[in-house]
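Participant: turn this into a structure:
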Amino acid sequence: MDYVFLFVELQCRLVLAFAGLYPNAKDLKWLLDFPKSGDMVVDGDQWRFVRHGAGLRFEKMTCKPHWVVDIHKFFDEPKIIDDWRLLQFFASCGECLDKRQVSSLLSEMCLKGHLLDQGNGQYLFVG
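Facilitator: Numbering: from 1, shown residues only. Predicted structure coming up:
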């Protein structure tokens, strides 16, 4: 569960830093006016991003672990998470979880009041 809290915190910081660097990027649904790739520094760490489809994939380049935060949709809602994002992040942390385990973790976090199920596999982090 701690990794989920870390993931949400990172995702929020990355979106905020990106918005500060690219204030003219306004197409939050398809990201058509977003740069295709780039680098940025967040909290002293170098991050590289690549646009793909309707999302951005961030990878921490300095010191290990080389975390991956893949915001593959809903870029404008950084407190939204799903199993795909968590699977990518857990793998980058060296944690070997499968989709069933991540789904179980998300359900447990809903029961504990940390997440609200938004439907279609999306969850809103509420604390």
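
Participant: quick one: neighbours of residue 94, just the number.
Facilitator: Neighbours of residue 94 under the rule other Cβ atoms under 10 Å: 8. Where C-beta positions appear, they are placed from N, C-alpha and C, glycine not excepted.

Participant: is it true that residue 35 touches residue 56?
Facilitator: No. Counting by Cβ atoms under 8 Å, residue 35 stays clear of residue 56, with 9.3 Å between them.

Participant: what about the helices in this structure?
Facilitator: 2-21, 83-92, 99-111 (DSSP state H).

Participant: possible to save those as a markdown table with mean pLDDT and mean neighbour count?
Facilitator: A markdown table is the format used below for the helices of the chain (pLDDT from 0 to 100; neighbours: other Cβ atoms under 10 Å):
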| stretch | mean pLDDT | mean neighbour count |
| --- | --- | --- |
| helix 2-21 | 96 | 17 |
| helix 83-92 | 95 | 19 |
| helix 99-111 | 95 | 15 |
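
Participant: will you turn those helices into a markdown table that also has distance to residue 77?
Facilitator: Output for these, formatted as a markdown table (distance: least, Cβ to Cβ, whole Å):
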| stretch | distance to residue 77 |
| --- | --- |
| helix 2-21 | 9 |
| helix 83-92 | 12 |
| helix 99-111 | 16 |
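
Participant: thinking again about what came up before, so for residue 35 and residue 56, which residue has more residues nearby?
Facilitator: Between residue 35 and residue 56, counting by other Cβ under 10 Å, residue 56 is the more crowded of the two (24 against 14).
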